[in-house]
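Novice: return a 3D structure for these sequence lines:
(one chain, ligands or ions: 4)
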Amino acid sequence: MTSKMYRKYLFGQTLASAGLLAGAAQAQSVSLATGPDDSVDGYLEVTPDAYGAWEATSWLGYGDTFNPAGSIGPSFATFSALLSVFVGTEGAALGSNINLLGTYPGTLLISAGANTASDTNSDGVNDTATSTFNVTNLGDVNLDFVLTQSVSNDGGTVSVLLQTYEITNNSASPVDMKLARNFDGDLSFDGAANYYENDEVGTTANGAGNGQHAYMSEVGDSATAICLSSPEADVYYGSKLGVDPGSAGVPFGYGTDTIVWQNYGIPTSWENYCAGVGYDVNGASGAQPAGSASPYDASLGLGWSISLAAGESTTINIYHTYGSTSPLGGPTCDCLADLAGADCGTNTNDFFAFLGFYQAGNPAADFSPGGGINTNDFFAYLAAYQADLNNPDCPN
Ligand SMILES: [Ca+2]
Ligand SMILES: [Ca+2]
Ligand SMILES: [Ca+2]
Ligand SMILES: [Ca+2]
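Specialist: Numbering: from 1, shown residues only. Ligands and ions are numbered 1, 2, ... in the order given. Have a look, this model is predicted:
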């Protein structure tokens with residue numbers, strides 16, 4: 001047993017011996033799947049609870065199953081996946097798993113209603129769930145959430161879980177909050193005994209114009225990739241244990257630990273950083289990037305900063321795309337030269353971003369056919385920029 005597994009095992013044993021696991025409600029977890037047959041390439045099953053969290057069976061959750069394109073059969077991908085909310089120095093991990101609640105002793109109170117699953121495409125398998133929950137401090141924090149979760153397949157080997165969180169501030173006071181999504185994948189598709197030691201993280205978000213996202217996969221195998229994305233997110237990160245973004249003294253952890261918790265949100269030095277790649281740059285980490293430490297555990301995250309007036313609502317969409325390094329679904333941007341901020345608007349900020357990518361030889365500057373970055377790409381970018389200036393959908 002590795003140190004990571006042993007640590008988690010001990011934690012579970014402690015809870016079990018304390019009697020805390022007896023009758024523990026994994027509140028309202030439901031199975032959502034793309035169809036009845038897990039032998040089909042692209043098959044996806046996830047088991048989220050009423051808060052949108054799910055965990056591996058080894059951590060007393062109900063797991064997930066994905067069948068990647070090709071000879072690899074159905075296998076599990078997630079250790080834990082959850083959203084956390086922070087208001088100042090108060091916070092809550094939005095999940096019902098007894099291990100999660102032990103790891104993140106929240107100061108905000110959470111309570112959920114029913115998680116109701118349905119079969120929207122009449123294939124005999126539930127694919128959509130709806131639920132509501134509340135986050136409060138019994139004082140000036142009172143947030144109501146309406147959550148819709150659905151799985152779908154693209155007709156091929158890529159499937160997606162879409163989670164839509166509608167958030168309403170029911171307090172009489174305005175609220176500033178930070179949300180953090182954690183996806184601690186432990187990809188088992190390689191079949192190795194220590195399957196979670198050899199995953200890589202990467203991103204293709206920079207220059208893509210479709211919001212912040214990052215992915216993890218078995219090294220170099222996009223069929224096994226899971227991409228975490230949100231058009232509304234402000235920041236992403238791709239984590240490998242031990243790597244210290246910007247040498248800021250806040251290294252990445254195992255993926256399911258308390259660093260984000262202790263910082264009341266994603267640490268500033270992690271924002272838009274991918275291990276082994278850097279800040280605001282596309283690429284992939286490999287299994288053991290510089291600075292990483294055994295057992296090289298990998299995870300992903302997204303962050304949002306949201307302010308709501310009394311009574312105001314907002315919506316965020318979180319996509320877990322299985323079988324691709326880039327997001328399936330969600331709005332895409334038709335602005336060809338939109339490189340800075342991925343905000344579907346083209347202006348001089350995008351031009352300067354291009355110059356930076358061009359100088360660095362970053363693939364985000366590859367605008368002309370053929371590999372490599374050269375003057376052809378420079379002229380192709382100028383043409384794209386001019387086209388955007390003439391496009392009323394790309395305000396500048
Ligand atoms: Ca397969
Ligand atoms: Ca169905
Ligand atoms: Ca693996
Ligand atoms: Ca992991």
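
Novice: tell me the strands in the stretch 251-396 of the chain, going along the chain?
Specialist: Assigned strands in the stretch 251-396 of the chain, in chain order: 273-274, 278-279, 283-284, 298-308, 313-322 (criterion: DSSP state E, counting those that start in this stretch).

Novice: which residue does the stretch 151-300 of the chain have closest to ligand 2?
Specialist: residue 151 (8.4 Å; C-beta to the ion). C-beta: built from backbone N, CA, C; applies to glycine.

Novice: quickly list what that residue is bridged to.
Specialist: residue 161 (DSSP bridges).

Novice: tally of neighbours for it?
Specialist: By the measure other C-beta atoms under 10 Å, the count of residues near residue 151 is 26.

Novice: dihedrals phi and psi, residue 285?
Specialist: Backbone geometry at residue 285, expressed as degrees, to the nearest 10, gives phi -80, psi -30.

Novice: burial measure for it, as a count.
Specialist: Using other C-beta under 10 Å: residue 285 sits among 25 other residues.

Novice: so the residue nearest to it when sequence neighbours are not counted versus residue 40, what's the distance?
Specialist: Of all residues not flanking residue 285 in the chain, residue 276 sits nearest, at 3.2 Å (C-beta to C-beta, 6 or more residues apart in numbering). Using C-beta to C-beta, to the nearest Å, residue 276 is found at 33 Å from residue 40.

Novice: the more surrounded of those two?
Specialist: More crowded of residue 276 and residue 40, by other C-beta under 10 Å: residue 276, with 20 against 13.

Novice: tell me the contacts of that one?
Specialist: 200, 201, 240, 243, 283, 284, 285, 286, 289, 290, 292 (C-beta atoms under 8 Å, 6 or more residues apart in numbering).

Novice: run through the residues that contact the last one.
Specialist: What it means is residue 292. 240, 241, 242, 243, 275, 276, 285.

Novice: now with 6 Å, please.
Specialist: 240, 242, 243 (C-beta atoms under 6 Å, 6 or more residues apart in numbering).

Novice: how about the residues of this structure near ligand 1?
Specialist: Residues of the chain lying near ligand 1 by C-beta under 5 Å from the ion: 41, 67, 72.

Novice: neighbour-wise, which one of those residues leads?
Specialist: In the residues of the chain next to ligand 1, the most neighbours by other C-beta under 10 Å go to residue 67, 25 neighbours.

Novice: quick one: that one from residue 127, how far?
Specialist: 16 Å.

Novice: make a markdown table out of the contacts of residue 276 and add distance to ligand 3 and pLDDT.
Specialist: Shown next, in a markdown table, are the contacts of residue 276 (distance: C-beta to the ion, whole Å; pLDDT from 0 to 100):
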| residue | distance to ligand 3 | pLDDT |
| --- | --- | --- |
| 200 | 9 | 98 |
| 201 | 12 | 98 |
| 240 | 13 | 98 |
| 243 | 18 | 98 |
| 283 | 19 | 96 |
| 284 | 14 | 98 |
| 285 | 13 | 98 |
| 286 | 13 | 98 |
| 289 | 15 | 98 |
| 290 | 20 | 97 |
| 292 | 14 | 98 |
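
Novice: closest one of those residues to residue 316?
Specialist: Lowest distance from residue 316 to the contacts of residue 276 (C-beta to C-beta) belongs to residue 201, with 21.8 Å.

Novice: re the thing from before, what pLDDT does the residue nearest to residue 285 get?
Specialist: With respect to pLDDT, residue 276 has a value of 98.
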